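Visitor: How does the following fold in three dimensions:
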Amino acid sequence: MIKIIKIGGISLNNLVLYSDMKDLFRHNNEIIFIVISALKNVSSLLKHAAKSAESGNKILFSETVNEIFSIHQDFIERNMPTKVASISKILSESKENLLKALNSVYLTGFLSKRTLDSILSQGELLLLGILRIDLADNPNVEVVDSRMIIKTDSNYNSAKPLQEETNQAIQQLVSGSDAGNYITQGFVASDLQGNTTTMGFESSNLTALLIAQALGSKEIRIITDVPGICVADPKIFPDAKVIEEISYHNAYIAAKYGLKLFYAPMIESSDITDTTIIYSNKINHLNELTKIVRVADCNNSLLIVREVISWKIEADSSVALRASATLTITDNMSNWVYIDKRNMNSIADELLININTYCLISVLFSEKSLIVNQAMKFFENNEDFKLVIANSDVIHIVSNMESGMEFCKVILPMIS
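Guide: Numbering: from 1, shown residues only. Below is the predicted model:
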């Protein structure tokens, strides 16, 4: 049996889970392929550094690089304190190379998509280099640069996998190696000319699926910092219940409406191959978990809460705005638009007028009339209540943050 496990950057920085991963490599009789993400916030910081260099802000991109390497220094000191000295060389070399790339962007004032991919890949590459040193004493572990096995087209920043070439590369790796364990990075790939590509933010899960498909595995396990997929974010709502099963269809819709744990292209591909996806926060002991399957036993509601930016748009900027965002909520009566705050970097400054911050509550797969009626009752005479928009899949509610969180506490028992 082949186990495919993807570990998120937040989880990998957990001392107990990192130790469990190393123990798994030492004590198993199966082929194990682990896919890692960059450490928490590193990919976003790399993008921020690249954009700062392009805009000519050398102080800002230099400070951002220092923050990136401070995150890795803390990871090393926490998880492998006896190897700090031996890993220091890779840190200094990686930092020098990153600053060189950013300085080039700074001097030219030009950031191509290809260069951005090269910069964005540094988070996963640096972490993989650190793990290569820490795992060097285990001859049964092969550390693999994903650019050698995940092949894509040349659509930089959102490259599409080339299935046949990827399958061949992965199968050749496993058949030609004596190692029983492999570890590689997600998100990063290469085109047929050898150029570094990335497959889109949150695409590390897709990397795990591509490996599973190449090796004939019908299951992948995704390790996060929460016990599974809950009705609502358990970090915000501790009483939110874990959902045992979610269908591919509902998972895809949830990804579309902003549930970060799901990556839509991975869900689509899993549906085609009928690959079960398991979400949990532990490697070895699966107690609470969620399975993504073709047919779920029941359809649970989901509640997604986000901080959104709102503004009024000029009539001629409407098309450009919608083209640059993954999700916009529009109040057609007043021409106000709301967008997930995480997407702010993609919006040109000249498009923004009268920016405000609000709470966007998205309730999926629930009885529409129940939620809408509760919203109208709860927010009656509330000046900071903005709108309710509903369709067959989702009800969107926009209000101020404090009132929005209180409303979530009211409806959570109703949809659990």
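Visitor: Okay, now the unreliable bits of this protein?
Guide: 285-287, 311-355 (pLDDT under 70).
Visitor: which residue is nearest the centroid of it?
Guide: residue 202 (2.8 Å; C-alpha atoms, centre = their mean).
Visitor: Show the contacting residues for the spatially closest residue to it that is not a sequence neighbour.
Guide: Closest residue in space to residue 202, ignoring its immediate chain neighbours: residue 263 at 4.6 Å, by C-beta to C-beta, 6 or more residues apart in numbering. C-beta here means a position set from N, CA and C on the backbone, and glycine is covered the same way. Going by C-beta atoms under 8 Å, 6 or more residues apart in numbering, residue 263 touches 200, 202, 203, 205, 206, 255.
Visitor: let's see it at 6 Å
Guide: Shown in contact with residue 263 (C-beta atoms under 6 Å, 6 or more residues apart in numbering): 202, 203, 205, 206.
Visitor: buried residues in stretch 69-78?
Guide: 69, 71, 72, 75, 76 (16 or more other C-beta atoms under 10 Å).
Visitor: One more: stretch 388-399?
Guide: Buried residues in stretch 388-399 (16+ other C-beta under 10 Å): 388, 389, 390, 393, 394, 395, 396, 397, 398, 399.
Visitor: Now the last one. Nearest residue, chain neighbours left out?
Guide: Just to be clear, that refers to residue 399. Residue 399's closest residue in space is residue 385 (C-beta to C-beta, 6+ apart), at 4.8 Å.
Visitor: ok, how many other residues are close to the one you found?
Guide: Number of residues near residue 385 (other C-beta atoms under 10 Å) recorded here: 20.
Visitor: Quick check: phi and psi at it.
Guide: phi -80, psi 130 (degrees, to the nearest 10).
Visitor: Next, work out how far apart it and residue 402 are.
Guide: 12 Å (C-beta to C-beta, to the nearest Å).
Visitor: Just put the buried residues of stretch 388-399 in JSON lines and tack on secondary structure and distance to residue 86.
Guide: Output for the buried residues of stretch 388-399, formatted as JSON lines (DSSP: H, G, I helix; E, B strand; the rest coil; distance: C-beta to C-beta, whole Å):
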{"residue": "388", "secondary structure": "strand", "distance to residue 86": "58"}
{"residue": "389", "secondary structure": "strand", "distance to residue 86": "56"}
{"residue": "390", "secondary structure": "strand", "distance to residue 86": "57"}
{"residue": "393", "secondary structure": "coil", "distance to residue 86": "52"}
{"residue": "394", "secondary structure": "strand", "distance to residue 86": "51"}
{"residue": "395", "secondary structure": "strand", "distance to residue 86": "54"}
{"residue": "396", "secondary structure": "strand", "distance to residue 86": "52"}
{"residue": "397", "secondary structure": "strand", "distance to residue 86": "53"}
{"residue": "398", "secondary structure": "strand", "distance to residue 86": "52"}
{"residue": "399", "secondary structure": "strand", "distance to residue 86": "53"}
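Visitor: Max pairwise distance over these: which two?
Guide: 393 and 399 (20.6 Å; C-beta to C-beta).
Visitor: Touching stretch 403-410 from outside, list them.
Guide: 359, 361, 378, 382.
Visitor: Distance check, residue 103 against residue 189.
Guide: 26 Å.
Visitor: Between those two, point out the one with more neighbours.
Guide: residue 189 (30 against 14).
Visitor: who does the more buried one bridge with?
Guide: Counting by DSSP bridges, residue 189 forms beta bridges with residue 197.
Visitor: so who does it touch?
Guide: 150, 152, 197.
Visitor: Write a ChimeraX command that selects only the buried members of these.
Guide: Buried members of the contacts of residue 189 can be picked out in ChimeraX with the line below, counting by 16+ other C-beta under 10 Å:
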select :150,152,197
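Visitor: Same list (the contacts of residue 189) but as TSV, adding distance to residue 63.
Guide: Putting those into TSV (distance: C-beta to C-beta, whole Å) gives the following:
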residue	distance to residue 63
150	32
152	32
197	28
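Visitor: between the contacts of residue 189, which is closest to residue 226?
Guide: Using C-beta to C-beta, the contacts of residue 189 come closest to residue 226 at residue 150, 26.6 Å.
Visitor: Now that closest one. Nearest residue, chain neighbours left out?
Guide: Closest to residue 150 by C-beta to C-beta, 6+ apart is residue 189, at 3.8 Å.
Visitor: Please report how far the one you found lies from residue 125.
Guide: Applying C-beta to C-beta to residue 189 and residue 125 gives a distance of 12 Å.
Visitor: tell me the angle the helix or strand harbouring residue 409 makes with strand 394-399.
Guide: Assigned by DSSP states H and E, residue 409 belongs to helix 401-415. Going by axes from the mean of the first three to the mean of the last three C-alpha atoms, to 10 degrees, helix 401-415 is angled at 150 degrees with respect to strand 394-399.
Visitor: so where does the nearest residue to residue 249 once chain neighbours are set aside fall, helix or strand?
Guide: Spatial nearest neighbour of residue 249, excluding adjacent residues (C-beta to C-beta, 6+ apart): residue 271 at 7.8 Å. Take DSSP H and E as the rule and residue 271 turns out to sit in helix 264-273.
Visitor: right, and the helix or strand after that helix?
Guide: Going down the chain from helix 264-273, the next helix or strand is strand 276-280, by DSSP H and E.
Visitor: Okay, angle between that following strand and helix 264-273 too, please.
Guide: Relative orientation of strand 276-280 versus helix 264-273 (the same axes, to 10 degrees): 130 degrees.
Visitor: contacting residues for residue 149?
Guide: Residues 169, 170, 173 are the ones in contact with residue 149 under the rule C-beta under 6 Å, 6+ apart.
Visitor: Using JSON lines, lay out the residues you listed together with secondary structure and distance to residue 12.
Guide: Shown next, in JSON lines, are these (three-state DSSP; distance: C-beta to C-beta, whole Å):
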{"residue": "169", "secondary structure": "helix", "distance to residue 12": "24"}
{"residue": "170", "secondary structure": "helix", "distance to residue 12": "22"}
{"residue": "173", "secondary structure": "helix", "distance to residue 12": "22"}
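Visitor: In terms of secondary structure, what does the helix holding residue 271 contact?
Guide: helix 204-215, helix 248-256 (3 or more C-beta pairs under 6 Å, 6 or more residues apart in numbering; DSSP states H and E).
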